[in-house]
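[1] Test case, fold it:
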Amino acid sequence: MIARLYGAAIRGLLMALMIAVPALIVPGMSADATQATVLIALLASFLTFVEYNSSSPSIVEFRDAAPFNRLRFAALFATVFMLSMICKGQIDPTLTTKALTSVGTIVGNSIDFPYSPVRMVVLTLPAGTDYEVVEIVRTAAGLAYLASLSVMGAFLVLVRILGWPSRKGAFNVWVNLPMFDPTTGGDVLNRLSRDARINIAFGFLLPFAIPAVVKPAADLINPISLENPQTLIWTMSAWAFLPASMIMRGIALQRIAEMIRDQRKRAYATAENELQVA
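    Just a heads-up that it's a prediction; the model follows:
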């Protein structure tokens, strides 16, 4: 119980820190924005603490199948931190901010080809946007997309080479998939495989679909201004993290389906051997 309480408290603090990172790093934040950030950070910290301190799961998937959620959190934290440093470099440049900006610029320019996700993001900017704003958006998009690709590659290695999650022992479906009801909707194996394909498909499409939807919507309502550093940081982080998270979930569900299929084959083979002996 003490270990669970300690782990939940640490997770809550880290969640609050991640949300507060842009406000702590980027100068010039208004008092109202600071108060809103503090409120959101406290709320997210409290919800995280309650979720991980409870012995019964609620909505967080793969809670006991480390390091799935740790990888996702690390990727999001790194993305928010790097984009915050880039935005800080526009006001107070340092060697670190210049290095991150250079890496983001190289990656952004490399990925910025016709019909690429980065090009789609750049095209959502209103006509007549300043060149400096276009460059910082391209840099942020490139760096965020690189972080998402890196975490997906790391998780794929974890699954295919290191054997996640079986290397951690038995996989508890109830704890790790609290929203999944294995007693309804047909065969569990088919449902897991179907959900895995849907998540992977949507994960690949979202980086293209989000800018494609935002662009025509901006003609009807007030568009989101990416000139604001806080808006830029969270918009680019969400644009890169949500698709990567969906693809990782799809890979995880497919892995669970493969484990169930293998277990069934072993059970059928054991039953067949017992019948032959009898």
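
[2] For the rest of this, base every contact and every neighbour count on C-alpha atoms.
    OK.

[3] As a check, name the ranges of all helices in the stretch 51-200 of the chain.
    Assigned by DSSP state H, counting those that start in this stretch, the helices in the stretch 51-200 of the chain fall at 68-89, 95-111, 117-123, 131-160, 173-176, 188-218.

[4] So which elements touch the fourth one?
    When you say that, I think you mean helix 131-160. helix 68-89, helix 95-111, helix 117-123, helix 229-277 (3 or more C-alpha pairs under 8 Å, 6 or more residues apart in numbering; DSSP states H and E).

[5] residues of the first one that come out buried?
    Of the residues in helix 68-89, those buried under the neighbour-count criterion (16 or more other C-alpha atoms under 10 Å) are 68-69, 71-73, 75-89.

[6] hang on, the earlier thing: the helices and strands packed on helix 131-160: which one's closest to residue 171?
    Residue 171 lies closest to helix 229-277 among these, at 8.5 Å (C-alpha to C-alpha).

[7] What mean pLDDT does that closest one get?
    Mean pLDDT, computed over helix 229-277, is 89.

[8] That one versus helix 188-218: what angle between them?
    Calculated by axes from the mean of the first three to the mean of the last three C-alpha atoms, to 10 degrees, helix 229-277 forms an angle of 160 degrees with helix 188-218.

[9] now the stretch 101-250 of the chain, which segments are flagged as low pLDDT?
    Flagging of the stretch 101-250 of the chain using pLDDT under 70 yields the residue ranges 167-169, 215-224.

[10] Which segments of the protein make up each domain?
    Using automatic domain parsing, the domains assigned to the chain come out as 1-55, 65-178+189-277.

[11] Identify the residues contacting stretch 227-243?
    22-23, 26, 75-76, 79-80, 83-84, 87, 133, 137, 140-141, 144-145, 148, 202-207, 210, 224-226 (C-alpha atoms under 8 Å, 6 or more residues apart in numbering).

[12] no, scratch that, I was asking about stretch 200-214
    With C-alpha under 8 Å, 6+ apart, stretch 200-214 has contacts from 116-117, 120-121, 123-124, 239-240, 242-251.

[13] Next, the buried residues of that stretch.
    Those buried within stretch 200-214 under the rule 16+ other C-alpha under 10 Å are 200, 202-203, 206-208, 211-212, 214.
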